[in-house]
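S.K.: Fold the following for me, if possible:
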Amino acid sequence: MLSFLIALLLSVFIPFGMTVEETVEGSSVGVDPAPIESILKNAATATEVYAVENGSYEGATFEDLKARGLQVEPGVTLAVATTTRNRYCLEASKQGIRFHYDSRVGTPELGPCG
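M.R.: Presented below is the predicted three-dimensional model:
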């Protein structure tokens with residue numbers, strides 16, 4: 001009985017883990033995450049420029065980032081999720097794959113701002 005339960009649990013969780021891993025690489029939906037990560041890094045640079053010009057990240061919008069040279073490729077959605085005086089978090093997604101860039105971390109990560 002115990003071996004049956006273990007086998008059942010493994011049959012459920014192992015394929016799920018593989019699907020998540022494939023999604024991280026973008027292969028399960030045919031999306032290359034590199035352009036999304038690149039756009040987030042460029043958006044972070046534009047956000048830093050905004051902060052230098054305004055003394056804070058607070059109030060930065062997508063339009064503000066575009067005014068500072070940010071270009072977003074077609075099919076990618078970018079949002080300024082959070083801005084405060086000392087930090088920000090940006091989100092970008094394409095075909096269901098979402099990454100975020102938290103200024104406290106300094107690198108794109110899978111998933112929404114948390």
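S.K.: Give me the neighbour count for the closest residue to residue 43 other than its chain neighbours.
M.R.: Leaving aside its sequence neighbours, residue 43 sits nearest to residue 90 (C-beta to C-beta, 6 or more residues apart in numbering; 5.0 Å). All C-beta spots, glycine's among them, are computed from the backbone N, C-alpha and C. For residue 90, the neighbour count with other C-beta atoms under 10 Å is 27.
S.K.: Contacts only, for residue 90.
M.R.: 40, 43, 44, 47, 78, 79, 80, 81, 100, 101, 113 (C-beta atoms under 8 Å, 6 or more residues apart in numbering).
S.K.: Give the pairing partners of whichever strand or helix holds it; include direction for each.
M.R.: Using DSSP states H and E, residue 90 falls within strand 88-94. With DSSP bridges as the test, strand 88-94 is paired with strand 77-83 (antiparallel), strand 97-102 (antiparallel).
S.K.: and that strand, what's its mean pLDDT?
M.R.: In this model, strand 88-94 has an average pLDDT of 97.
S.K.: quick one: secondary structure of the nearest residue to residue 98 once chain neighbours are set aside?
M.R.: Nearest non-adjacent residue to residue 98, counting by C-beta to C-beta, 6+ apart: residue 112, 5.7 Å away. Classification of residue 112 using DSSP: H, G, I helix; E, B strand; the rest coil returns coil.
S.K.: next one: residue 74
M.R.: Classified using three-state DSSP, residue 74 is coil.
S.K.: Phi, psi for it please.
M.R.: phi -60, psi 140 (degrees, to the nearest 10).
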